[in-house]
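> This is a predicted model, with the sequence first.
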Amino acid sequence: MDKDIQWSLKPFAALTPEELYQLLRLRSQVFVVEQQCVFLDLDNKDQQCLHLLGWSNENITAYARLIPPGHCYDEASIGRVVTSPDARRQGHGRSLMATAISECTRIYGHQDVRIGAQLYLKEFYASFGFQQVSDTYLEDDIPHIEMILRPQ
């Protein structure tokens, strides 16, 4: 794992105002501004999720939310996977996904994990064992696919 990042996992109600601000700012910076995609990021799912925060130098540099089974899909899910543009190419994305998968297994047990992945990241997620299980679809005008990670 990436030793430069300190991980914390919290339910929505336990997030401090500073943590909430930083994670929403990071999501907006990447998903809205960088990807030039106008969409409503605040989708009323955060309140039921666990939030995986990757800290480096007092800033959130990596983030994902763990979605319980039955909330978006029958399976548990990992969503809003994001790394700060300033922290890319340092292994934080790989560390984030490895930690998210590990935490899903610890919390939800050895069961399938389903994600809605941006198509251009297919190989990245496949490197963790995720397999494509849907045709390509557009979500907010960005090509996506559903992928599943089956427990070993």
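It's in. Numbering: from 1, shown residues only.

> quick one: Cys104 is in a strand?
No - looking at Cys104 with DSSP: H, G, I helix; E, B strand; the rest coil, it is helix, so not inside a strand.

> Next, the contact list for it, please.
Counting by Cβ atoms under 8 Å, 6 or more residues apart in numbering, Cys104 touches Leu66, Ala76, Ile78, Val113. To be clear about C-beta, it is placed using only N, CA and C from the backbone, and glycine gets the same treatment.

> swap in Ile101?
Ile101 touches Ile78, Val113, Phe128, Leu149, counting by Cβ under 8 Å, 6+ apart.

> which among those residues end up buried?
For the contacts of Ile101, a neighbour count by 16 or more other Cβ atoms under 10 Å gives the buried set as Ile78, Val113, Phe128, Leu149.

> Secondary structure and pLDDT added to the residues you listed, as CSV?
Formatted as CSV, the buried ones among the contacts of Ile101 follow (DSSP: H, G, I helix; E, B strand; the rest coil; pLDDT from 0 to 100):
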residue, secondary structure, pLDDT
Ile78, strand, 98
Val113, strand, 97
Phe128, coil, 97
Leu149, strand, 97
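
> just curious, which of these is nearest to Leu23?
Ile78 (14.6 Å; Cβ to Cβ).

> Leaving aside the residues adjacent along the chain, what's closest to the closest one?
Nearest residue to Ile78, sequence neighbours excluded (Cβ to Cβ, 6 or more residues apart in numbering): Ala100, at 4.8 Å.
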